[in-house]
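# Turn this into a structure:
(chains A, B, C and D)
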4 protein chains.
Amino acid sequence: MIIVLKNGTTPEQIKAFEDKLQSQHRVKVNIWQGVESTVLGLIGDTHQIDIESIGAQPIVESVKRVQEPYKKANRKFHPDDTVITLPGGQQIGGGIFHIMAGPCSVECESQIIEVAERVKAAGATFLRGGAFKPRTSPYSFQGLHAQGLELLRKAREKTGMPIVTEIMRESHIDMFEDVDIIQVGARNMQNFELLKELGKTKKPILLKRGLSSTIEELLMIAEYIMAGGNDNVILCERGIRTFETSMRNTLDISAVPMLKKKSHLPVIVDPSHAAGIPWMVEPLAMAALAAGADGLMIEVHNDPSHALSDGAQSLTPDQFDHVAHHVFAARDALSHLAD
Amino acid sequence: MIIVLKNGTTPEQIKAFEDKLQSQHRVKVNIWQGVESTVLGLIGDTHQIDIESIGAQPIVESVKRVQEPYKKANRKFHPDDTVITLPGGQQIGGGIFHIMAGPCSVECESQIIEVAERVKAAGATFLRGGAFKPRTSPYSFQGLHAQGLELLRKAREKTGMPIVTEIMRESHIDMFEDVDIIQVGARNMQNFELLKELGKTKKPILLKRGLSSTIEELLMIAEYIMAGGNDNVILCERGIRTFETSMRNTLDISAVPMLKKKSHLPVIVDPSHAAGIPWMVEPLAMAALAAGADGLMIEVHNDPSHALSDGAQSLTPDQFDHVAHHVFAARDALSHLAD
Amino acid sequence: MIIVLKNGTTPEQIKAFEDKLQSQHRVKVNIWQGVESTVLGLIGDTHQIDIESIGAQPIVESVKRVQEPYKKANRKFHPDDTVITLPGGQQIGGGIFHIMAGPCSVECESQIIEVAERVKAAGATFLRGGAFKPRTSPYSFQGLHAQGLELLRKAREKTGMPIVTEIMRESHIDMFEDVDIIQVGARNMQNFELLKELGKTKKPILLKRGLSSTIEELLMIAEYIMAGGNDNVILCERGIRTFETSMRNTLDISAVPMLKKKSHLPVIVDPSHAAGIPWMVEPLAMAALAAGADGLMIEVHNDPSHALSDGAQSLTPDQFDHVAHHVFAARDALSHLAD
Amino acid sequence: MIIVLKNGTTPEQIKAFEDKLQSQHRVKVNIWQGVESTVLGLIGDTHQIDIESIGAQPIVESVKRVQEPYKKANRKFHPDDTVITLPGGQQIGGGIFHIMAGPCSVECESQIIEVAERVKAAGATFLRGGAFKPRTSPYSFQGLHAQGLELLRKAREKTGMPIVTEIMRESHIDMFEDVDIIQVGARNMQNFELLKELGKTKKPILLKRGLSSTIEELLMIAEYIMAGGNDNVILCERGIRTFETSMRNTLDISAVPMLKKKSHLPVIVDPSHAAGIPWMVEPLAMAALAAGADGLMIEVHNDPSHALSDGAQSLTPDQFDHVAHHVFAARDALSHLAD
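Numbers count the residues shown, from 1 in each chain, chains lettered A, B, ... in the order given. Purely as a prediction, here's the structure:
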């Protein structure tokens, strides 16, 4: 951590600040006198120091981190890829490529089972589907709730696919006991109360990047869950908000290599929410694969034009067959190159 | 609502779609044949129609709203300013200008009471202070929780100022029974489960705009609360996330006149969080006043350099005296002009 | 074009506006009376109508386009891919994949020739290099100017590779007579005076997207050049400005399929400028290939640590060998899939 | 300047790098060994060091500036406000508040003279008007060019108001000999060739911030002009590009106090281009005044609905009367407070 002091700070003030830093944070302080400014360098473990509190000192002009503020999610301290193993034996991370697929919302038994069977046949290895839905309009369909979870379990029984579904409030955690992967949506990425509760479980958490979250903020949220005791975090890039208006969001493809460089956690990409345009799922899925993602999450609906939510961006099962076929063939072709 | 159909749509498909729209949504459908495209116009009350579901129809190229998707928060249907009256008689909206002030976090009894007395003396009419704190690092101070609420009540008793404090999970609503204004923070702006519960109360809700929320999205969130039955919503602009790096966020000053044009709800501005820089509070507060805001929310700490959170952006009580004096004098001077 | 009129517009005003639109723009006007608003639909060729002038009418509430405002660059009117053929026979577009490579700045004869020979050996088909450099600091190296162009020609003579180099002012066009592809940089994307002059030539123009330009704006700039008479435009995505700070810019990978959907022009990607990080060139190059780009532009320097500009993002020739080998192998592997 | 070295850098490499820095840049190098990284601090005048070239060294992990990269535009080195004095005696900066007003484009003699007389009567002190127009569509009106400049001169003769008009290419500088203030538009803010030529003149330059330019970049552009020898630069905030869609751009009101803190140059605000909405000019103008701007630039057209450009955002002379009256009254009222 590097702290630039204001012009005119006295030697006594510097000494007092140095003493305080050393005693409070057990760091060594290196002082260095420039022409226009005095700079302090903190040596030691600084990731728990509150950078804002440093910045609030009257003698401080600015403060910058050299180390990342996260540690458990940081590849520097855990060089190997995290591989998350589910009770059923499925593994995420470490070079295995998954497609998680299914409808935005679970709507009825026949719908979720039909979609599950179709996406499984096409090669998907996880079934996604929403029982609780965050909707921007209070007048839109809000999900089947407990019944939706029940239908997901039925689809799992029928197909053997583990299920991924979104949680929206911490008081629901018991209801999600039997869910294989709990998803935290982009809009709840900084719902810290929910994150704290998820940190107390051992469930794999699929953590979606918020619409305006930096990569560092996403990793700090992973750190939140991990600091609570749950190391099973999967990161998901799903598009960020920019000035571009021809698509719903802008897929930040660079986030894939950057997250994999900075962290050891698995990284998946959601091309359905990124652009919000069905025909764009395939090129974005291909790009995600080529950039090194550990998997994809794709919305598939048996009848998009009657979907109760997100129909506009869902693929039909036939369209998904095509995308999955192309993506898996590319995965095989590209993996041979690496040999 | 205007729906552009894809090239090559047959007259039969158009007829079927028209029939469906009319029966499902009780709107009149106007069809009009262009050179390159067929366009449908929906006449009637379209604010409850799910625009995504329309966009999901295979024959639809694009769909745009003419009317706003919110109704209760819309000035078109409620031309007069909403004025919120608290049980103690204080009013927000309708031309009265308030300053809400206090520390980021409640830290101890002497702190909150000292700050409360100082900001009251300077003209502040509400006391703000956090008992539950959303913090981006799991290693930072998270608030005093129930004890913090207790200390706020003590400060209210001592000073007579109503209190404003942030809620972070829906299961806490009972604890906030005695709070005068419940704040929803920027990071929870789209925590829909929390919003639904707040819609069931009659408490005034101070709703902060999310870092990447559009003005329309903010109004849709107000609609969420209002659709639940609670009309007492105060909107708060607190800076949005942009590419600019010299400040924490970019205060969207245009949001003030735009929100007041589109909605009848009171609008306040938080210059402390907007820039995150103490010396910038005054010019931004002045700009907010001049742009027509109904009030300000300002962070004040009796000892910013020892604050447990947000010290870097807090004013000292002396600095706040200066800002409040200048802002109130300007309010008086400008209000004479309007005569 | 769809025009929503203000509430309270009189039938006489509507009639007068309708007459004016029909006579000035030779379009048919369709009027349709909603509950809250009157909407006009313009049928005919509206791409030359100035949307701002329509919006300026006192009776107009809002105006939206249904058709795109560009025509020559629009795939709707030119369904087939544009393939640009250079005098030397090289073709760009239509399924051929190129890598353009070379240093940010031309610095001396040995440098440009060494780099040219190395990138050619690795499979690059065009040599890039800057003679005129846009630099954000007036204190930075500004390029070798005419001498730089001369050295590029020497490198072309030596290697047979056509050259791509950036123009910065319209008075230089004569100097660029002998350049194979003229590049317009991101910062000059809306230098309309330069664009007008380039429209009068027949040179292939490599047009870089501005840091905050929408896809539609980029296509309007292509239209500028094409409207002047020069159809040889190559579009280049090179990263946009967002809130993310861990990389210089955010590569908008979705722009590749979107530009190819909306336009018939070739689309290349510059992964060097996008992130500004050498190790990220490879994953972004792979993503661009997978998303359907027609080529790449990559910065290569024989000695990045002594480069006079952009060294921080340049690959060494050895690193470029590795990237080019991987990308070409992937291109071959993926092209077999399409069979 | 603070340089973090990569892990594993050898003492010999550090020594060599230190020697190079000291000899090339005449700075003192301070070395400091952390637990995970070695950090170098450069002491001396670093504003001319190319930060990218430092970052390109193979042993460098990251590099950050402590000092600003601009010097002539920096208030640290010029604590007093710059006041620009025109040959006619008018002064800009230093507490004087101006309104520059006029049409987007000069269209004909009667138009420019009518507008000039009206805005002068309302208190405007400069006449703005475009003779060369940057238009996003090649099919839109591009300005009257030389004839437009001639008409501006006529309006100046008639009213005595100095004129402000935009230059679009460096070869036109001679034509602008007689213009009082030369404007550089947002889209040409990084047209470095134009900036270099303007740096050779002594003309006051009104420099508009680019749509996605940071405050530091704007000041670097001012530095460009000043480094060329022309210190007469006026900065103009005119809205930046963000995700918000209800307005054309987002006025960055915080830029006003930030620019005035970091620089000694005058700062004006253009509320017309910021939002692109006539009714929003007044609240934004008031906010700019309250935030400390040195003036405003406002578009006024005698007949907006027939304007050849930007009619949608222009005020009528009557509307301008109202805005100017309110703003000047507020200026007087607020200036008394400061007494």
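# for chain C, what are the nearby residues on the stretch 101-250 of chain A?
Neighbours of chain C within the stretch 101-250 of chain A, by Cβ under 8 Å from any Cβ of the partner chain: A:212, A:214, A:215, A:216, A:240, A:242, A:243, A:244, A:245, A:246, A:247, A:250. (Glycine included, C-beta is placed from N, CA and C.)
# Looking at the residues you listed, which two lie furthest apart in space?
Taking Cβ to Cβ, the two most distant members of those are A:216 and A:246; they sit 28.0 Å apart.
# Around residue A:23, how many other residues sit close by?
Other residues within reach of residue A:23, judged by other Cβ atoms under 10 Å in any protein chain shown, total 9.
# scratch that, residue A:321 is what I was asking about
Residue A:321: 17 neighbours (other Cβ under 10 Å).
# Contacts only, for it.
Residues in contact with residue A:321 (Cβ atoms under 8 Å, 6 or more residues apart in numbering or on different chains) are A:118, A:121, A:122.
# Does residue A:252 touch residue C:249 like I think?
No - Residue A:252 lies out of contact with residue C:249 (Cβ atoms under 8 Å); the separation is 10.6 Å.
# On the pLDDT front, check residue A:338 for me.
For residue A:338, the pLDDT comes out at 62.
# Same check on residue A:202?
95.
# That one: what secondary structure?
coil (DSSP: H, G, I helix; E, B strand; the rest coil).
# Number of residues surrounding it?
Other residues lying near residue A:202 total 9 when counted by other Cβ under 10 Å.
# ok, now how distant is it from residue A:149?
Going from residue A:202 to residue A:149 by Cβ to Cβ, to the nearest Å gives 19 Å.
# Next: residue A:216.
Taking Cβ to Cβ, one finds residue A:216 at 33 Å from residue A:149.
# Mind checking which of those two has more residues around it?
A side-by-side neighbour count of residue A:216 and residue A:149, using other Cβ under 10 Å, places residue A:149 first with 23 against 18.
# Disregarding flanking residues, what is the spatial nearest neighbour of that one?
Using Cβ to Cβ, 6 or more residues apart in numbering or on different chains and skipping residues adjacent in sequence, the residue nearest residue A:149 is residue A:131, 4.8 Å away.
# and the stretch 101-250 of chain A, which of its residues are near chain D?
A:212, A:241, A:242, A:243, A:245.
# Is it possible to get TSV of these that adds pLDDT?
Rendered in TSV, the data for those read as follows (pLDDT from 0 to 100):
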residue	pLDDT
A:212	93
A:241	96
A:242	97
A:243	96
A:245	92
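# Most neighbours out of the residues you listed, which is it?
Of these, residue A:242 is surrounded by the most neighbours, 26 neighbours in total, counting by other Cβ under 10 Å.
# who's in contact with it?
Contacts of residue A:242 (Cβ under 8 Å, 6+ apart): A:249, A:250, C:240, C:242, C:250, C:252, D:243.
# pretty sure residue A:165 belongs to a strand, no?
Yes - membership of residue A:165 in a strand is supported by three-state DSSP.
# Excluding chain neighbours, what is closest to residue A:140?
Leaving out its chain neighbours, the residue that sits closest to residue A:140 by Cβ to Cβ, 6+ apart is residue B:50, at 5.3 Å.
# so how many other residues sit close to that neighbour?
If you count neighbours by other Cβ under 10 Å, residue B:50 ends up with 21.
# Equivalent analysis for the one 5 residues further on, please.
Counted with other Cβ under 10 Å, the neighbours of residue B:55 add up to 21.
# so where's the longest helix in chain A?
Secondary structure of chain A read by DSSP state H shows that its longest helix is helix A:317-338.
# Give me the angle between that helix and helix C:317-338.
140 degrees (axes from the mean of the first three to the mean of the last three Cα atoms, to 10 degrees).
# Quote the end-to-end distance of stretch A:310-326.
Across stretch A:310-326, the terminal residues are separated by 24 Å (Cα to Cα, to the nearest Å).
# List the buried residues of that stretch.
Using 16 or more other Cβ atoms under 10 Å in any protein chain shown as the test for burial, stretch A:310-326 gives A:310-317, A:319-321, A:323-324, A:326.
# Check stretch A:259-274 too.
Result for stretch A:259-274 [16+ other Cβ under 10 Å]: buried residues A:259-260, A:262-274.
# Stretch A:88-101 now?
Neighbour count says stretch A:88-101 has A:90, A:92, A:93, A:97, A:98, A:99, A:100, A:101 buried, by 16+ other Cβ under 10 Å.
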